[in-house]
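1. Sequence first, predicted coordinates after that:
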Amino acid sequence: MSNQGSSRFTPQNKTTHERLSTHTVGLVALSDFRKRRAEVLEQQEREAREAAFSGTSTPDRSVTGTPDIAGSDTGSAQGPVKKKKKKQAKKLLSFDDEEEDDSGPVTKAKTDSKSETTHDDDSDSKGKSKFKANASVGIIPKSKTKSALRKEAAERDALRAEYLALQEAVKATEIAIPFVFYDGSNIPGGIVRVKKGDFIWVFLDKSRKVGAELGVGEKTNARREWARVGVDDLMLVRGSLIIPHHYDFYFFAMNKALGPGGQRLFSYSDKAPTKPESTVANEEKSDDPLTTSASKAAAALALPDINTLEGANDDPTFTKVVDRRWFEKNKHIYPASLWQEFDPEKDYATEIRRDAGGNAFFFSQ
């Protein structure tokens with residue numbers, strides 16, 4: 001009888017605490033405990049729904065009762081039901097540390113209301129956009145159409161053509177270079193007409209012809225000697241710098257290269273001069289392929305006077321035409337010992353001139 005009485009009052013449904021105690025025997029990790037606890041809660045909710053659908057009126061202690069926190073087996077003492085803390089609306093089930101304090105069952109009405117609220121929140125969150133603008137990205141350039149790209153390309157081509165035309169106009173400008181022949185002493189050479197786009201070797205070739213015409217030299221057959229001299233046998237010394245043959249005068253005009261003492265090597269303008277209409281008309285006539293030698297001579301006479309060209313008033317001793325063979329023989333003697341080849345990367349304006357022994361000079365040129 002005692003066994004029947006005891007089995008009569010024994011609840012058929014186990015509480016959450018009892019089920020957890022049977023499922024978590026020997027488990028130590030907190031993650032395993034949460035996993036088992038979630039499974040027990042899901043099983044209780046499933047049993048509650050099945051009981052509601054079947055219409056049974058058997059009270060479920062796991063749903064209506066409160067767990068015996070003190071650990072008593074009878075479960076007769078019923079304490080006050082704890083209020084469960086509100087969870088965030090976007091979460092269906094959260095197994096945070098806050099729920100560890102509340103391990104008791106929840107009523108059927110509460111579970112139904114929570115499921116409804118969670119479904120509503122999910123529908124609201126799905127309706128909202130999940131993508132947000134990235135604030136770290138700068139201003140994105142607008143995409144250009146093909147017509148806009150073609151227009152920009154045409155503008156660049158026009159500017160390039162304009163720059164090339166201006167560059168050719170500057171290179172075609174004539175200048176005058178007074179010079180002297182130097183072989184230990186200054187021998188007057190005269191003035192040579194060249195263009196800003198010409199190379200140094202063009203000037204040396206014209207100066208060689210001037211030396212042959214003047215017969216510069218001590219020998220009786222000086223003209224014949226000048227005829228045998230090539231451009232590679234001559235050097236252009238501007239101040240105390242030897243200018244290599246491959247440079248053009250346009251390079252020095254555009255870069256405004258400075259020599260020793262901060263003086264410009266070639267003080268020519270880098271802008272194209274304005275041409276009068278008569279000069280333009282003469283140039284158009286000279287381009288005619290049917291011109292004769294007489295017309296060419298007339299056009300040469302129509303050129304502007306060399307004394308009116310840019311650079312005609314420069315000091316002729318600043319520009320020296322030197323025979324390379326003489327320089328190789330006398331480069332240890334002053335002033336040839338001070339000459340050095342031009343280097344565009346070197347700053348000659350702040351250079352302290354020294355001799356071969358490293359002693360600084362007490363003079364400047």
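-> Yes, it's here.
2. Neighbours of Asn186, how many?
-> Burial measure for Asn186: 13 neighbouring residues, criterion other Cβ atoms under 10 Å. Yep, even glycine has a C-beta here, placed from its N, CA and C like the rest.
3. Helix, strand, or coil at the nearest residue to it once chain neighbours are set aside?
-> Among residues not flanking Asn186 along the chain, Val180 sits closest, at 4.5 Å (Cβ to Cβ, 6 or more residues apart in numbering). Using DSSP: H, G, I helix; E, B strand; the rest coil, the structure places Val180 in strand.
4. Hmm, Val180 is touching Ile191, no?
-> No. Assessed by Cβ atoms under 8 Å, Val180 is found out of contact with Ile191, at 11.0 Å.
5. average model confidence for stretch 353-365?
-> The average pLDDT for stretch 353-365 rounds to 67.
6. likewise stretch 196-205?
-> Per-region confidence: stretch 196-205 scores 94 on mean pLDDT.
7. And it, end to end?
-> 15 Å (Cα to Cα, to the nearest Å).
8. pLDDT value on the residue nearest to Asn186, please?
-> Val180 is given a pLDDT of 93.
9. Okay, it and Leu241: tell me how far apart.
-> Per Cβ to Cβ, to the nearest Å, Val180 is found 16 Å from Leu241.
10. residue boundaries of the helices in the stretch 201-350 of the chain?
-> Applying DSSP state H, counting those that start in this stretch to the stretch 201-350 of the chain gives helices spanning 222-228, 249-255, 277-286, 293-301, 324-330.
11. on contacts alone, who are the packing partners of the helix or strand harbouring Ala51?
-> Here Ala51, judged by DSSP states H and E, is contained in helix 30-54. Counting contacts by 3 or more Cβ pairs under 8 Å, 6 or more residues apart in numbering; DSSP states H and E, helix 30-54 is packed against helix 16-23, helix 61-64, helix 108-127.
12. now do 6 Å
-> With contacts taken as 3 or more Cβ pairs under 6 Å, 6 or more residues apart in numbering; DSSP states H and E, helix 30-54 sits against helix 16-23.
13. Could you give the average pLDDT over the helix it packs on?
-> 74.
14. List the buried residues for that helix?
-> 16-20, 23 (16 or more other Cβ atoms under 10 Å).
15. which strands and helices sit next to it?
-> helix 30-54.
16. Share the number of residues neighbouring the nearest residue to Tyr182 once chain neighbours are set aside, please.
-> For Tyr182, ignoring the flanking residues on the chain, the nearest one in space by Cβ to Cβ, 6+ apart is Lys320 at 4.1 Å. Using other Cβ under 10 Å, Lys320 has 23 neighbouring residues.
17. could you measure Pro344 against Asn255, distance?
-> Pro344 is 8 Å from Asn255, by Cβ to Cβ.
18. Check the gap between Thr145 and Arg37 for me.
-> From Thr145 to Arg37 the distance is 63 Å (Cβ to Cβ).
19. Please say which of those two ends up with more neighbours.
-> Applying other Cβ under 10 Å to Thr145 and Arg37 shows that Arg37 carries more neighbours, namely 19 against 9.
20. Look up the closest residue to the more buried one, ignoring the ones flanking it.
-> Leu20 (6.0 Å).
21. how close does that neighbour get to Gly357?
-> 100 Å.
22. go on, Ala38?
-> Distance from Ala38 to Gly357, by Cβ to Cβ: 94 Å.
23. What of Pro273?
-> Taking Cβ to Cβ as the measure, Pro273 falls 48 Å from Gly357.
24. Of those two, which one has the most company?
-> Pro273 (13 against 5).
25. OK, contacts around the more buried one?
-> Thr173 (Cβ atoms under 6 Å, 6 or more residues apart in numbering).
26. number of nearby residues for the closest residue to Gln263 other than its chain neighbours?
-> Once flanking residues are discounted, Gln263 sits nearest to Gly239: 7.0 Å by Cβ to Cβ, 6+ apart. Here the number of neighbours of Gly239 (other Cβ under 10 Å) works out to 20.
27. now swap in Ser147 and tell me
-> By other Cβ under 10 Å, neighbour count at Ser147 equals 8.
28. before we move on, which element is it in?
-> helix 146-171.
29. Next, the buried residues of that helix.
-> Quick answer for helix 146-171 (16+ other Cβ under 10 Å): 170-171.
30. Report all helices and strands that that helix contacts.
-> Helix 146-171 packs on no helix or strand, going by 3+ Cβ pairs under 6 Å, 6+ apart.
31. model confidence over that helix, on average?
-> 93.
32. One more: stretch 54-67?
-> Mean predicted confidence for stretch 54-67 is 50.
33. is it true that Ala176 lies in a strand?
-> Yes. Assessed by three-state DSSP, Ala176 belongs to a strand.
34. Wait, Arg354 touches Leu338, no?
-> No. Counting by Cβ atoms under 6 Å, Arg354 does not reach Leu338; the two are 10.1 Å apart.
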